[in-house]
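J.: give me coordinates for this.
(one chain, ligands or ions: 1)
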Amino acid sequence: MYLFKRKDELERHLTTARNEGKHIGFVPTMGALHRGHISLINAAKENSDLVVCSIFVNPTQFNDPKDFEKYPVTIDQDVQMLTEAGCDVLFLPSVQEMYPDGLTAKMHYDFGTLETILEGAARPGHFQGVGQVVHQLLNLVQPDKLFMGQKDLQQCLVINRLLKIIHSQVELVICPTIRENDGLAMSSRNLRLNPAERVNALHLYQGLSYIKHHFKKDSLKDLKEKAVKDLKDSGFEVDYVELISILEDGSVIFPENAGTTPLYAVVAAREISSGVRLIDNMQL
Ligand code: PAF
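T.: Purely as a prediction, here's the structure:
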C-alpha cells in the first residue's frame, strides 16, 4: 500500500493510475478503523481497479471541541488493517496540508433542511465541515465511486446533495451498517466506552429493533416516547428518536405529519457516564 501525506504526491500517483484507465474507488474516513470501514474497502475493491482510503480527523466538522480532542487515533493499527484488506493507497494528510489558509470556510453549501433537522440541529455547522473536507478530498482523489456507510445516514444524504451542488459525476455507494454480534453498530467512538458503558450502548440498537417490530401496530408517537423513555432510564441524554422517510430528491420528511409510511428509525443519544454520543438507524 502506498502512503501519501502530501496532496501533490497523491495527485501525481492517481493521475498516472487514471491515465492507465484505472477506475478509482474512494473511502474517506477519520481513522480508528473497524470492520465497518473494512467493509467499505471491500466494497470499493469489488467495484474499482484502485482503492484509495483517506484518514483525516477533520477539525471543521466537530462542533464540540472535547469530541475532537478525544476522537480516537490508532494509526499503526489502521495502516495494518488497510494493508491486510488490500487497500492500494492511503492518504494521511495533516491539518496544515488540508487547510493551509486556516480553518475558516471559503464556501457555504446549501444543504437545505438536512442542515436544520436531526444531526444538523444537534450539531450546528457539522455538515458544513463535512462538505468542506469531502469536497476537497473529491477534488484531490477524483474517484469514480465514493463509498460511505449507512450508519451515517444523514451524512450520506448530505454528500448526495453535495455531489449535485458541485455537479460531480461521482457515484455514491451506500453500504450497510456493520454491527457487533450483539447488534451494536460499529463506530470509532465505541472505543471510548468502558465494558459497562459498551453494554449500555446496546440500548440504541434495542430501541430501534423494538420500533422495527412494532411500527405497524403501535402509534409512531407512542413508539418514539417509549424509546426516549427507555434511553433516559438507562442513563442517556437523548437528542432525538425519529421515524423518517427519504424523498426521491434526497430530502427527509417525518411521516407522522405527512401521512407517509416511515422508512427508517433514527436515534442519537449521549451515554452520560462516558459522555460519548452515539447514533444509529434501522430500515423499517
Ligand atoms: O464519516 C466520517 O468519517 C467523516 O465524516 C468523513 C466523511 C470522513 C469526513 O470527514
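
J.: which residues touch stretch 267-278?
T.: The contact list for stretch 267-278 (CB atoms under 8 Å, 6 or more residues apart in numbering) reads 66-67, 118-119, 122, 185, 187, 189-190, 192-194, 196-197, 200-201, 203-204, 207-208, 227, 231, 235-242, 279-281. Bear in mind the C-beta positions are built from the backbone N, C-alpha and C, glycine included.

J.: from the chain's centre, how far out does that stretch sit?
T.: 16 Å (CA atoms, centre = their mean, to the nearest Å).

J.: and it, how far apart are its ends?
T.: Chord length of stretch 267-278, first to last residue, is 8 Å (CA to CA, to the nearest Å).

J.: wait, does that stretch contact the ligand?
T.: No. Using CB under 6 Å from any ligand atom, stretch 267-278 never reaches the ligand; the gap is at least 13.8 Å.

J.: thought residue 74 was touching residue 34?
T.: No. Using CB atoms under 8 Å, residue 74 is not in contact with residue 34; the gap is 9.6 Å.

J.: coming back round to it: buried only: go through the contacts of stretch 267-278 for me.
T.: 67, 118-119, 185, 187, 189-190, 192-193, 197, 200-201, 203-204, 207-208, 227, 231, 236, 238-242, 279-281 (16 or more other CB atoms under 10 Å).

J.: among the residues you listed, which lie within strands?
T.: Among the buried ones among the contacts of stretch 267-278, the ones falling in strands (DSSP state E) are 236, 238-242, 279-281.

J.: quick check, nearest of those to residue 89?
T.: Comparing these against residue 89 with CB to CB places residue 279 closest, at 28.8 Å.

J.: quick one: contacts for that closest one?
T.: If a contact means CB under 8 Å, 6+ apart, then residue 279 has 119, 151-152, 187, 204, 266-268 as its contacts.

J.: again, but for residue 105
T.: Neighbour list for residue 105: 60, 128-129, 132 [criterion: CB under 8 Å, 6+ apart].

J.: for these, work out which two are farthest apart.
T.: Spanning the widest gap among the contacts of residue 105 are 60 and 128, at 7.5 Å by CB to CB.

J.: gap between residue 213 and the ligand?
T.: Look at residue 213 and the ligand: by CB to the nearest ligand atom, to the nearest Å, they are 29 Å apart.

J.: now do that residue, the pLDDT please.
T.: At residue 213, the model reports a pLDDT of 94.

J.: doesn't it belong to a strand?
T.: No. Counting by DSSP: H, G, I helix; E, B strand; the rest coil, residue 213 is not part of a strand but helix.

J.: ok, residue 215 - contacts?
T.: So residue 215 contacts 223, 243, 262, 265, 284 (CB under 8 Å, 6+ apart).

J.: quick one, what contacts the second one?
T.: The one in question is residue 243. With contact set as CB under 8 Å, 6+ apart, residue 243 has these partners: 211, 215, 220, 223-224, 254-256, 262, 264-266, 284.

J.: what does residue 183 give?
T.: Under the criterion of CB under 8 Å, 6+ apart, the contact list for residue 183 reads 202, 205-206, 209.

J.: PyMOL command for the buried members of these?
T.: In PyMOL, this line selects whichever of the contacts of residue 183 come out buried by 16+ other CB under 10 Å:
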select buried, resi 205+206
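
J.: which one among the contacts of residue 183 gets closest to residue 156?
T.: For the contacts of residue 183, the nearest to residue 156 is residue 205 (19.4 Å; CB to CB).

J.: what's the closest non-adjacent residue to that closest one?
T.: Counting by CB to CB, 6 or more residues apart in numbering, residue 205 lies nearest to residue 183, which is 3.9 Å off, once chain neighbours are set aside.

J.: assumed the one you found was part of a strand.
T.: No. In this structure, residue 183 is coil, not part of a strand, as judged by three-state DSSP.

J.: from here on, count from 42
T.: Yes, from this point I'll number from 42; that puts the last item at residue 224.

J.: same question for stretch 135-147, mean pLDDT?
T.: On average, stretch 135-147 scores 96.

J.: tell me which residues in it are buried?
T.: 138-140.

J.: so which of these is the closest to the ligand?
T.: residue 139 (10.0 Å; CB to the nearest ligand atom).

J.: and that closest one, what does it touch?
T.: Neighbouring residues of residue 139 by CB under 8 Å, 6+ apart: 97, 99, 174, 177.

J.: show me which residues of the protein sit near the ligand.
T.: Within reach of the ligand by CB under 6 Å from any ligand atom, the chain has these residues: 69-71, 99, 102, 171, 174-175, 193, 196.
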